[in-house]
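In: predicted coordinates and the sequence they were generated for:
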Number of protein chains: 4
Amino acid sequence: MATEKAGGKVWIVPDCFLPAESTGKLKSHESACVLNIGKKPARLKLTAYFENREPIEGLQAACAPRRTNHIRIGSLKNRRGQAIPAGTPFALKIESNVKVVVQHTRLDTTQPALALMTTMAFMAG
Amino acid sequence: MATEKAGGKVWIVPDCFLPAESTGKLKSHESACVLNIGKKPARLKLTAYFENREPIEGLQAACAPRRTNHIRIGSLKNRRGQAIPAGTPFALKIESNVKVVVQHTRLDTTQPALALMTTMAFMAG
Amino acid sequence: MATEKAGGKVWIVPDCFLPAESTGKLKSHESACVLNIGKKPARLKLTAYFENREPIEGLQAACAPRRTNHIRIGSLKNRRGQAIPAGTPFALKIESNVKVVVQHTRLDTTQPALALMTTMAFMAG
Amino acid sequence: MATEKAGGKVWIVPDCFLPAESTGKLKSHESACVLNIGKKPARLKLTAYFENREPIEGLQAACAPRRTNHIRIGSLKNRRGQAIPAGTPFALKIESNVKVVVQHTRLDTTQPALALMTTMAFMAG
């Protein structure tokens, strides 16, 4: 198979949450980790879905060919300046113009010490 | 592909457990996180399977179109008032009338500090 | 689809490890969590693979119809009395006579506090 | 099915990171855990992708038949002596000459106590 084209163009992560608090020197955060093993740059469009409000659309990121990008979700903004608020349950859809692989990880230091969780995103296209 | 219809209608999580104890300010809990990127409301029916007793059926939840719902498993009740007891191993089947994506997460603060684990549910239909 | 037959008959977990130590009241352990939503009892045969020795074969467990079984890996023995040693990297193959779903979880309290990790097993048949 | 041939020949892990610090007696590390249930030795070729530099290619490992290998990522070197630096986000592609199953795990003791995360790698071939 052509491993140059590994993955998919639509990825979904239902459990997202940016913890509002941190302890110690590691800051709580979430990352959508993208790998692009192909030859073309990946343009990524992210949509954040919430429980009680309209989605935030048009969050943008990129991943160069033969590069990874561990995207800090809390740093994203769309053209209207919208960002994802901390302390709020949400979900992500990540769309790419080329095939990529996406893994999603939360690092949570709300309580002393450190908690990690990760999963491959669900490939939907 | 029509990303409006991402996911499946039957999802399974074999490892569920509601820790009976918590430390600090974060309460131990489990969430079944559902994303509905379609245009129709999702009606969800959950079944809890146990090791040594009959399943609890008819637990209900919902997820509006273009919304996520991070369902607290410990808060669910069926029409007969049955809820899932804490401190007991169980498993979940989640059925939806429309396609959704389900991720399952446990937050455990039984011992000081914080532990997290997550996985995409197994898509069975 | 017939959700009565969800899952597969062969499941694989490459990263297994029974921590030899525990702190606090939660004992370090691993569980292979099986859900059988069908109508027939599941007879399970587990094989443990190691880095530098022959596999341990013939570890047995069961899962009744419409039940879950959170199998403690450290408690399994085969007919020859072989069990999986703690503190040793290994991997598991879980075979069933009927379709089941398998999720694998490690709880590790080697260092104070609590760490959890989980993943769906890889469905290989 | 022939369970002798479970898995795939190309596996991808977008979220890799070797923590530079540890506390307690458990050293922070990542492992790519490989299971080879077949009859032929697996020759593994790993490629590490970064955010801002060319990939490190030609990292090599092996997994004997009917054996597992929990490969310590931080110990790998290629023929030119290149190794993956700690404290740097990266991603892995793992290629095998025979079918294997790959699970990826991080153990992080940067802050006191212990955090674990794991996921099956994404099977891309």
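Out: Nice, I can see it.
In: what distance separates stretch A:30-40 from the centre of its chain?
Out: 10 Å (CA atoms, centre = their mean, to the nearest Å).
In: give the buried residues for that stretch.
Out: Residues A:30-38 are the ones in stretch A:30-40 that count as buried (16 or more other CB atoms under 10 Å in any protein chain shown). Backbone N, C-alpha and C define where each C-beta goes, glycine included.
In: could you do stretch A:53-72 as well?
Out: Quick answer for stretch A:53-72 (16+ other CB under 10 Å): A:55-56, A:59, A:61, A:63, A:66-71.
In: how about it and chain B, any contact?
Out: Yes. Stretch A:53-72 lies within reach of chain B by CB under 8 Å from any CB of the partner chain, at A:54-55.
In: pLDDT (mean, whole number) over that stretch?
Out: Throughout stretch A:53-72, pLDDT has a mean value of 98.
In: just how off-centre is it within its chain?
Out: 6 Å.
In: that one vs chain D: in contact?
Out: Yes. Applying CB under 8 Å from any CB, one finds stretch A:53-72 touching chain D at A:66-70.
In: can you lay out those as JSON lines showing secondary structure?
Out: Listed next are those as JSON lines, based on DSSP: H, G, I helix; E, B strand; the rest coil:
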{"residue": "A:Arg66", "secondary structure": "coil"}
{"residue": "A:Arg67", "secondary structure": "strand"}
{"residue": "A:Thr68", "secondary structure": "strand"}
{"residue": "A:Asn69", "secondary structure": "strand"}
{"residue": "A:His70", "secondary structure": "strand"}
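In: now, among the residues you listed, which is nearest to chain B?
Out: Taking CB to the nearest CB as the measure, chain B sits nearest to A:His70 out of the residues of stretch A:53-72 next to chain D, at 17.4 Å.
In: excluding chain neighbours, give the residue nearest to that closest one in space.
Out: Excluding the flanking residues, the one nearest A:His70 by CB to CB, 6 or more residues apart in numbering or on different chains is D:Pro89, at 4.2 Å.
In: what sits against that neighbour?
Out: By CB atoms under 8 Å, 6 or more residues apart in numbering or on different chains, the residues touching D:Pro89 are A:33, A:68, A:70, D:15-17, D:50-51.
In: rewinding a little: what's the farthest-apart pair in the buried residues of stretch A:53-72?
Out: Spanning the widest gap among the buried residues of stretch A:53-72 are A:Pro55 and A:Arg66, at 31.6 Å by CB to CB.
In: from one end of stretch A:70-90 to the other, what's the distance?
Out: From its first residue to its last, stretch A:70-90 covers 19 Å (CA to CA, to the nearest Å).
In: contact residues of chain A facing chain D?
Out: For chain A, the residues found near chain D under the criterion CB under 8 Å from any CB are A:1, A:3, A:6-7, A:23-26, A:31, A:33-35, A:37, A:66-70, A:101-105, A:107, A:109, A:112-120, A:123.
In: derive a ChimeraX selection command for the buried subset of these.
Out: Here is the ChimeraX command that selects the buried residues among the residues of chain A next to chain D (16+ other CB under 10 Å):
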select /A:6,7,23,26,31,33,34,35,37,66,67,68,69,70,101,102,103,104,105,107,109,113,114,115,116,117,118,119,120,123
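In: that older thread, sort out for me which of the contacts of D:Pro89 are in strands.
Out: Of the positions in these, A:33, A:68, A:70, D:15-16, D:50 sit in strands, assigned by DSSP state E.
In: any idea what sits nearest A:Thr47, other than its immediate chain neighbours?
Out: Using CB to CB, 6+ apart and skipping the chain neighbours, the partner closest in space to A:Thr47 is A:Lys93 (4.5 Å).
In: can you report phi and psi for that neighbour?
Out: Per-residue torsions, A:Lys93: phi -120, psi 130 (degrees, to the nearest 10).
In: tell me what the helix or strand where A:Val98 lies is packed against?
Out: Element membership of A:Val98 [criterion: DSSP states H and E] is strand A:90-108. Applying 3 or more CB pairs under 8 Å, 6 or more residues apart in numbering or on different chains; DSSP states H and E, we find strand A:90-108 packed against strand A:8-16, strand A:29-36, strand A:42-50, strand A:115-120, strand B:29-36, strand B:115-120, strand D:8-16, strand D:115-120.
In: can I get those strands in JSON lines including distance to D:Pro85?
Out: Rendered in JSON lines, the data for the helices and strands packed on strand A:90-108 read as follows (distance: least, CB to CB, whole Å):
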{"stretch": "strand A:8-16", "distance to D:Pro85": "28"}
{"stretch": "strand A:29-36", "distance to D:Pro85": "17"}
{"stretch": "strand A:42-50", "distance to D:Pro85": "24"}
{"stretch": "strand A:115-120", "distance to D:Pro85": "20"}
{"stretch": "strand B:29-36", "distance to D:Pro85": "34"}
{"stretch": "strand B:115-120", "distance to D:Pro85": "27"}
{"stretch": "strand D:8-16", "distance to D:Pro85": "12"}
{"stretch": "strand D:115-120", "distance to D:Pro85": "20"}
